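**Q** I would like to see how this sequence folds:
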Amino acid sequence: MVRNVRAEWTGTLLVCGKCSKKLDGGFGPKGREPLGKALRRHLGLKKGRKAATGIVEVKCLGICPKGAVTVIDGADPHSWKLVAKGADLDEVVETLNLQPR
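**A** Take a look at the predicted model:
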């Protein structure tokens with residue numbers, strides 16, 4: 001039996017957890033937050049299924065760049081992005097076509 005669970009997401013973003021852990025933060029106003037958390041805060045997203053965009057941290061995407069985090073936009077899965085440590089979050093949001101609330 002398959003059941004549906006409703007979510008408010010308009011898009012999904014997969015963030016590599018291993019890359020984020022290797023950088024030990026690197027994003028946000030003070031440069032201490034992982035990319036996923038910094039993007040959620042920057043966009044003012046709610047938690048879990050109630051968020052406008054789902055930002056999901058996954059184990060490892062297998063790219064492992066130095067000084068960057070691998071990100072996959074669910075709407076554009078054929079083009080993976082590498083977000084450099086300390087990147088401007090406004091630029092990241094614009095590049096990934098994320099909608100701030």
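
**Q** ok, now which ones touch Leu45?
**A** Residues near Leu45 by CB atoms under 8 Å, 6 or more residues apart in numbering: 39, 51-53, 55, 101. C-beta coordinates here come from the backbone N, C-alpha and C atoms, glycine included.

**Q** can you do 10 Å?
**A** The contact partners of Leu45, by CB atoms under 10 Å, 6 or more residues apart in numbering, come to 8-9, 39, 51-55, 98, 100-101.

**Q** and the gap between it and Lys66?
**A** Taking CB to CB, to the nearest Å as the measure, Leu45 falls 29 Å from Lys66.

**Q** picking that back up, and the two most separated of the contacts of Leu45?
**A** Between any two of these, the greatest separation by CB to CB is 16.7 Å, found for Glu8 and Leu39.

**Q** mind checking which of those two has more residues around it?
**A** Leu39 (24 against 13; other CB atoms under 10 Å).
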